[in-house]
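In: no sequence on this one, just coordinates:
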């Protein structure tokens, strides 16, 4: 069961019980700060929206996609630590809200997917404390249980 919580300027979204999006402030370590479902209601002209390619099959391809789509600085090191640092900065993007859309999980080794999801989750929680940006990461609705299990987050059905 999803409980709607009040929100201020900083927020995350999750899919609601009836297929739409509800606004949540996640409890650290319990709720993933990801949206699951269609992104149409989130996307406005003021948002910076990127869509990751479905055919990502290696960590190098994933890092390259982020470098290209989010215009990471030239000093980007093409490794997980560099990705973490750049996602915590994003000063070069003027839009307040950044939406990162996944059509699927990257088709990379499971241990690498866990690292990737952990970086996204940690960075999004860090942005919750910041006024400069709101970062929303969207996955297809059917991936919520898998993403939660990879992050070892209890599901609502448990």
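Out: Perfect, thanks for sending it. Since the structure is predicted, the reported quantities are computational estimates derived from the model, not experimental observations. Numbering: from 1, shown residues only.
In: C-alpha only now, for contacts and for neighbours.
Out: Fine.
In: Surely residue 62 forms part of a helix?
Out: Yes - using DSSP: H, G, I helix; E, B strand; the rest coil, the assignment for residue 62 is a helix.
In: doesn't residue 105 make contact with it?
Out: No - Residue 62 is beyond contact range of residue 105, at 10.5 Å (criterion: C-alpha atoms under 8 Å).
In: May I see the buried residues of stretch 64-82?
Out: For stretch 64-82, a neighbour-count test (16 or more other C-alpha atoms under 10 Å) marks 64, 65, 66, 67, 70, 72, 76, 78, 80 as buried.
In: Now do the helices in this protein.
Out: 59-69, 80-87, 110-128, 144-150 (DSSP state H).
In: what helices or strands is the longest one leaning on?
Out: Using 3 or more C-alpha pairs under 8 Å, 6 or more residues apart in numbering; DSSP states H and E as the contact criterion, the elements in contact with helix 110-128 are helix 80-87, strand 134-139, helix 144-150.
In: Quick check: which of these has the most neighbours on average?
Out: The highest mean neighbour count among the helices and strands packed on helix 110-128, using mean count of other C-alpha atoms under 10 Å, belongs to strand 134-139: a mean of 23.
In: That one packs against which elements?
Out: By 3+ C-alpha pairs under 8 Å, 6+ apart, strand 134-139 packs against strand 12-15, strand 34-36, strand 97-102, helix 110-128.
In: Can I get the ones you listed in TSV including distance to residue 87 and mean pLDDT?
Out: Shown next, in TSV, are these (distance: least, C-alpha to C-alpha, whole Å; pLDDT from 0 to 100):
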stretch	distance to residue 87	mean pLDDT
strand 12-15	16	38
strand 34-36	15	86
strand 97-102	11	92
helix 110-128	6	89
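In: Which one, of these, ends up nearest to residue 49?
Out: strand 97-102 (4.7 Å; C-alpha to C-alpha).
In: Residues in a beta bridge with the residue positioned nearest the centre of the chain, which ones?
Out: By C-alpha atoms, centre = their mean, the chain has its centre lying nearest to residue 137, at 2.5 Å. Taking DSSP bridges, one obtains residue 34, residue 100 as the residues bridged to residue 137.
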